[in-house]
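Peer 1: next comes the sequence, and after it the predicted model I'd like to discuss.
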Amino acid sequence: MSFDLNFIGILIGAIMASSVPLILAASGELITERSGVLNLGVEGMMIIGAISGFALMVVTDNLFFAVIGSMVSGLILSLIFGLLTQSLLTNHVATGLALTIFGIGMSAMIGKNFVGIPGKEFPLLFLNLKESIPFLGPIFFGHSIILYFAFGLPFLTNYFLKKTKTGLIIRAVGDSPTSASNQGINVTLVRYSCILYGGAMCGLAGAYLSLIYTPQWIENMTGGRGWIALALVVFATWSPIKVLIGALIFGGITILQLHMQAVGLRIPVQLLSALPYIMTIIVLVVISRDSRKIKLNTPTSLGQIFYKEK
Amino acid sequence: MYKLFLRSLISVIFLLGFSLNANAEFKVGFVYVGPTGDHGWTYQHDEGRKAVEAAGIKTTYVESVPEGADAERVIRQLAQSGHDLIFTTSFGYMDPTNKVAKDFPNVKFEHATGYKREHSNVATYSARFYEGRTLLGHMAGKMTKTNTIGYIASFPIPEVIRGINAMTLAAQKVNPNIKTKIVWVFTWYDPGKESEAAQALIDQGADIIMQHTDSTAPVQVAEKAGVWSFGQASDMQRFAPKSILTSIIDDWAPYYVERSIAARDGTWKQQDTWHGLKEGMVAMAPYNSVMGDDLVKEVEQLQKDLASGKAHSFTGPIYDQKGNILVAEGAVADDGMLAGMNVYVKGVEGDIPQ
């Protein structure tokens, strides 16, 4: 392995790029779960976002519409989930699972006509700075706008949940919907908004995959990233900053283990392949051992159906 | 006269068809490991299925069936729902296929790339993809500037190891300095992971990317990075027009049509088929002209020699990584040895995952 500084910079840049879909989807799901709703449809909303973004890119030839469209389609899918779980009071787990299956099937159906069409180049920012500054250049520059947004998002989410009134309301709804309702908060409305926001973020995460990361449409291209995002939220004990750390570790070790293989290190490959999962869990468990903080962050009513007393 | 003959032939076929299908129509089922839209492995099997359909036989398929417990359930369901012949098209379906075959002696099963035929109603078939790999190795050895070939491998089974060995042997023959770097991704189909693996290999100095996985992601990464690549299973040229030197194409259609008709007409027998360039089950996509006329001619000649049997992918002397002789000078590896290949040849770096 070449150990020059610029190479490490390129590696870190690649790691950041690979963790973007996880950060986006997990940040969205985190808000949804903080309001007490467990939406297991992350994978389904991501894949629908991926195909909608790609299809719109092909049809309109406009990347802006493609990105917005992917968010809207994620949002529409989450609206179905909202209608079922919030208005018709169905079980969150079952509905979420159905949403994922629906999303995967639906995306494959829409995608039939878009297989094999090459993607469009997504504009990358500050490309000249990337080349001219060694080490730091490839880390901080030459990325898409969505990557910068993704890396800002956990901090914004953290601020939003802790320091704003709306954030407090969401947490209140997630912890005790009955008390929140008694305070005059419209629990159903808050939950709907959080579900829709989560859907839009998952859609964006999917669009990142089909427009920027591997610019093409391939069936099932999310490859289980939605499930990893879901797990990240739980292991990060519903803290946005820890979600960011977890996503970086997962993305980082995924890429590093491929490099270790290519170098020919004599470590069993199966262990290397399992490493991203093992390390992410260990690190997140270690950094969130404080049981008081876990209790503080865990939405107590997660996944429970809320019946408003009339 | 000719027309009259044709007409009577058609009516005879129809009559025969009606009489045979009085209570149950002859149906062929296919089980795929990936989606039909992968433009690789599964796509080619589905092209074969369409050829069967075009021959007037009814077919159904189930796509994206995971290898393991799910596979058995799907195969069993196909057998129960009146399919007379079932093609299971991935290595991991080997045990489930044999298990179900035991319970349905009247249904015929064809398993791709496996070696277990535990019951008389199970046949196996595969293609000598390694012949194609030999051609890729020749081109890779000639085209590389960094002397590093990046290889994305799926699972450590003989099929995959054979490909790595065939490619490395051919590349060494034209360029003794080449190194083969291998990344195991433990999946047949995960575009994201495949592109990360391709990128890692390129970052590690590979200027040739080869894959034994099914999606088009690696060739697209190669195209973006400006290195050479080879398509897998299907002609992937339009996904990476500048980067792809050629693709190995699996052509299952003639085999599927022949076996389906045999099963319908009652002449189906258990057998083990292993066809290659000669029979056309392995074919090569057009060679990219950037390689230059001389190299293209060389490869075309080698392709002809492999097909005619004049050349063989595994011609001795071949040594394993420790320097023990595997195939003696002048000899060629027999099919038994090829089918069970589980060691790397000399020149491949690293260990096979156990």
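Peer 2: Great, that's in hand.

Peer 1: from here on, just use CA atoms for contacts and neighbour counts.
Peer 2: Noted.

Peer 1: can you name every helix or strand that the helix-or-strand element of chain A with minimal mean pLDDT contacts?
Peer 2: Here the helix or strand of chain A ranked lowest by mean pLDDT, DSSP states H and E is helix A:127-132, holding a mean of 79. For helix A:127-132, the helices and strands in contact under the criterion 3 or more Cα pairs under 8 Å, 6 or more residues apart in numbering or on different chains; DSSP states H and E are helix A:136-140.

Peer 1: quick check: phi and psi on A:P215?
Peer 2: phi -70, psi 80 (degrees, to the nearest 10).

Peer 1: oh, I was asking about B:E53
Peer 2: phi -60, psi -40.

Peer 1: now the helices for the stretch 251-354 of chain B?
Peer 2: For the stretch 251-354 of chain B, applying DSSP state H, counting those that start in this stretch gives helices covering B:253-265, B:293-308, B:335-339.

Peer 1: out of those helices, which is closest to chain A?
Peer 2: When the helices of the stretch 251-354 of chain B are compared by Cα to the nearest Cα, helix B:253-265 sits nearest chain A, at 21.4 Å.

Peer 1: contact partners of that closest one?
Peer 2: B:26, B:28, B:45, B:47-49, B:51-52, B:55, B:57, B:84-85, B:108, B:268 (Cα atoms under 8 Å, 6 or more residues apart in numbering or on different chains).

Peer 1: buried residues, it. List them.
Peer 2: B:A253, B:Y255, B:Y256, B:V257, B:R259, B:S260, B:I261, B:A263, B:R264 (16 or more other Cα atoms under 10 Å in any protein chain shown).

Peer 1: the helix or strand encompassing A:G203 near chain B anywhere?
Peer 2: Per DSSP states H and E: A:G203 is located in helix A:187-207. No: contact of helix A:187-207 with chain B (Cα under 8 Å from any Cα of the partner chain) is absent, the minimum separation being 11.8 Å.

Peer 1: state the mean pLDDT of that helix.
Peer 2: Averaged across helix A:187-207, the pLDDT comes to 96.

Peer 1: and it, what other elements does it pack with?
Peer 2: Using 3+ Cα pairs under 8 Å, 6+ apart, helix A:187-207 is in contact with helix A:5-34, helix A:42-60, helix A:63-82, helix A:165-175, helix A:177-182.

Peer 1: the helix or strand that it is followed by packs against which elements?
Peer 2: Where DSSP H and E defines the elements, the next helix or strand beyond helix A:187-207 is helix A:225-235. Applying 3+ Cα pairs under 8 Å, 6+ apart, one finds that helix A:225-235 contacts helix A:5-34, helix A:42-60, helix A:240-263, helix A:269-287.

Peer 1: count of neighbours near B:S229?
Peer 2: By other Cα atoms under 10 Å in any protein chain shown, the residues close to B:S229 number 29.

Peer 1: who does the helix or strand hosting it pair up with?
Peer 2: Element membership for B:S229 (DSSP H and E) is strand B:228-231. Strand B:228-231 pairs in its sheet with strand B:208-211 (parallel), strand B:244-250 (parallel), by DSSP bridges.

Peer 1: before we move on, back to that, could I get the helices and strands packed on helix A:187-207 in CSV, plus columns for mean neighbour count?
Peer 2: Below are those laid out as CSV (neighbours: other Cα atoms under 10 Å in any protein chain shown):
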stretch, mean neighbour count
helix A:5-34, 25
helix A:42-60, 29
helix A:63-82, 23
helix A:165-175, 21
helix A:177-182, 18
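
Peer 1: could I get the full set of helices for the stretch 51-200 of chain B?
Peer 2: Under DSSP H, counting those that start in this stretch, the stretch 51-200 of chain B gives helices at B:69-80, B:94-103, B:129-143, B:158-174, B:191-203.

Peer 1: can you show me the CA trace of the strand holding B:S229 as CSV?
Peer 2: The C-alpha trace of strand B:228-231 is given here as CSV (Å, rounded to 0.1, in the frame of the first residue of the first chain):
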residue,chain,number,x,y,z
TRP,B,228,-9.5,-1.0,-18.9
SER,B,229,-12.2,-3.5,-18.0
PHE,B,230,-14.0,-6.6,-19.2
GLY,B,231,-17.8,-7.3,-19.2
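
Peer 1: flag the shaky bits of the stretch 1-150 of chain A, pLDDT-wise.
Peer 2: For the stretch 1-150 of chain A, the stretches flagged by pLDDT under 70 are A:1-3.

Peer 1: got any ranges where chain B has weak pLDDT?
Peer 2: Within chain B, the stretches with pLDDT under 70 are B:1-23.

Peer 1: mind giving me the domain split of it?
Peer 2: Chain B breaks down into these domains under automatic domain parsing: B:2-127+B:252-275, B:130-242+B:284-339.

Peer 1: would you mind finding the most buried of these?
Peer 2: domain B:130-242+B:284-339 (a mean of 21; mean count of other Cα atoms under 10 Å in any protein chain shown).
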